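J.: let me see the structure of the following:
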Amino acid sequence: MRQPRPLRGTATDEPWLIIDHEVLRGVSFAGAKLLTFTAVGSRFDNCVFEGVSVDDAELAAGADRSEYTDCVFEGVRLGRIHAGVARFIRCSFRNVRLRNWRWGAVDLIDCTFSGVLRSSLISGRVPDEHRSAVGRDSTVISGNDFRRLTMPGVEFVGGVDLSRQRMPRSSAYLYLRDAASALSIAETALQGCPAELRDGVGLRLRRIRNLLDGGQRQVWITSKRFFGGRPDAARWLVGLWHAAGQLPDPPDEPAYGRPRSAVPMHLMS
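T.: Next up, the predicted model:
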């Protein structure tokens, strides 16, 4: 088993690591404490990143794709995360603590997650600057298991097909399986909305319209964000959608401290 040169000594001796156009199979980086990690046009097969801590992680730098297949990222702690042109296939991200991940031109296929992912954007659209390198407009995001991942401040945009993922089953999230129908129902009913709620309702509908215009067919929002500011307006919408059959039957716990008598949130199957 070959280890890249920076890991032959201790991580404290050389707290940086650059993998440039290499193919690594079965290499363990477990427990490494690094200031920077940079992968450029490299392939990682069955590699172990368990317990790795990196202040600045460039998982895919440059124009060439870096690919991770059957790799283990369990317990990783990453500071700033940059993922340009990357592909993750059947990787394990269990018990992670990640934040501020902008996915770039990232394919994510059959991966498993648990732990916490904060303030991140998962996009189904390849950014303009990467389209010539990737050769297509959309990323491949399919078959991923997010059920045990807590995702405060995470957004799915640009056409991510949420019906092809396994999402958290919790009243902490609002899920619209058919966002276009839900929006149409709400816009039609808006004239019957109490006047004092219309601004709050309109703000939420504009957000859903923006996601639809950006390519999303399903919408997934944290309850905390959806109810924040004007919970009465959010309850009016949820009650409307629930009565119209737009929301799946909710679980038996209240969302964010709302009483059980209030209209509960969704849940994704």
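
J.: low-confidence ranges in this structure?
T.: The chain contains residues with pLDDT under 70 at 1-14, 249-269.

J.: biggest helix in it by residues?
T.: Ranked by number of residues, the top helix in the chain under DSSP state H is helix 198-213.

J.: after that one comes which helix or strand?
T.: Once the chain leaves helix 198-213, the next helix or strand it forms, by DSSP states H and E, is strand 219-222.

J.: that following strand pairs with which strands?
T.: Here strand 219-222 has these sheet partners by DSSP bridges: strand 173-176 (antiparallel).

J.: CA atoms only: put the strand it pairs with into PDB for me.
T.: Output of strand 173-176 as PDB, limited to C-alpha atoms (Å, rounded to 0.1, in the frame of the first residue of the first chain):
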ATOM      1  CA  TYR A 173     -38.700  19.700   7.600                       C
ATOM      2  CA  LEU A 174     -41.300  20.700   5.100                       C
ATOM      3  CA  TYR A 175     -41.400  18.700   1.900                       C
ATOM      4  CA  LEU A 176     -43.600  19.400  -1.200                       C
END
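
J.: contacts for the very next helix or strand once past that strand?
T.: Counting by DSSP H and E, the next helix or strand C-terminal to strand 173-176 is helix 179-189. In this structure, residues lying in contact with helix 179-189 by Cβ atoms under 8 Å, 6 or more residues apart in numbering are 176, 201, 205, 208-209, 211-212, 216-219, 237, 240-241, 244, 246. Bear in mind the C-beta positions are built from the backbone N, C-alpha and C, glycine included.

J.: and those, which two are furthest apart?
T.: Maximum pairwise distance among the contacts of helix 179-189 (Cβ to Cβ): 21.7 Å, between 201 and 217.

J.: what residues sit buried inside stretch 175-188?
T.: Buried residues in stretch 175-188, counted by 16 or more other Cβ atoms under 10 Å: 175, 176, 177, 179, 182, 183, 185, 186.

J.: each with direction, which strands does the regular element (helix or strand) spanning residue 24 pair with?
T.: Take DSSP H and E as the rule and residue 24 turns out to sit in strand 23-25. Strand 23-25 sits in its sheet next to strand 43-45 (parallel), going by DSSP bridges.
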